[in-house]
Structures are given as structure tokens and as C-alpha cells.
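S.K.: below are the sequence and a predicted model; questions follow.
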Amino acid sequence: MILLEPNLDGLVIFIVMIMLAPPVILLIIGLLLRKYNYPVAGKVFMILSGIYLITGLGTCGALMMGF
């Protein structure tokens, strides 16, 4: 029998990675910059990480919920 519904598991994982991977990377960069005597640049990266996380969860979360 031919399956008519595609398997979208990979798409869901991809969207979750878009939501969570860049903020984690920006946070790690920010923490490393604060550790190595660049506190202003580290703080900027951590703020960018928070903004990206809020935006990513809002936009991608709305797409995943079907709004």
C-alpha cells in the first residue's frame, strides 16, 4: 500500500534546531568573551542570545502550533 502522508520528523527537528542552536552558540560566545576580559562585548552577545531565543520561540513556536 502506498503511504500518502509524508514523514515530517526531520522537519520538526530542523525547526527546533533553528529555535535553540543559535541562542546557545551566542550565549557560549558571550560567556567566553566575559571570561577573557571583554565584558561589554560578552554582555552584548548574551543580550543578543536572549532576544534571539524569545524571537525564535515566538516565531517558530507559532509556526509549529499552526497559527
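M.R.: That came through, no problem.

S.K.: for L63, phi and psi?
M.R.: phi -70, psi -40 (degrees, to the nearest 10).

S.K.: pretty sure it is touching I15, no?
M.R.: Yes - with contact defined as C-beta atoms under 8 Å, L63 reaches I15; the gap is 7.0 Å. All C-beta atoms are positioned from the backbone trio N, CA, C, and that covers glycine.

S.K.: quick one, which of these two is more surrounded?
M.R.: I15 (16 against 12; other C-beta atoms under 10 Å).

S.K.: residues near the nearest residue to that one once chain neighbours are set aside, how many?
M.R.: Spatial nearest neighbour of I15, excluding adjacent residues (C-beta to C-beta, 6 or more residues apart in numbering): C60 at 5.4 Å. Using other C-beta under 10 Å, C60 has 16 other residues around it.

S.K.: and C60, what is it in contact with?
M.R.: By C-beta atoms under 8 Å, 6 or more residues apart in numbering, the contact set of C60 is 15-16, 18-19.

S.K.: put the buried members of those into a PyMOL selection.
M.R.: To isolate the buried ones among the contacts of C60 in PyMOL, judged by 16 or more other C-beta atoms under 10 Å, type:
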select buried, resi 15+19
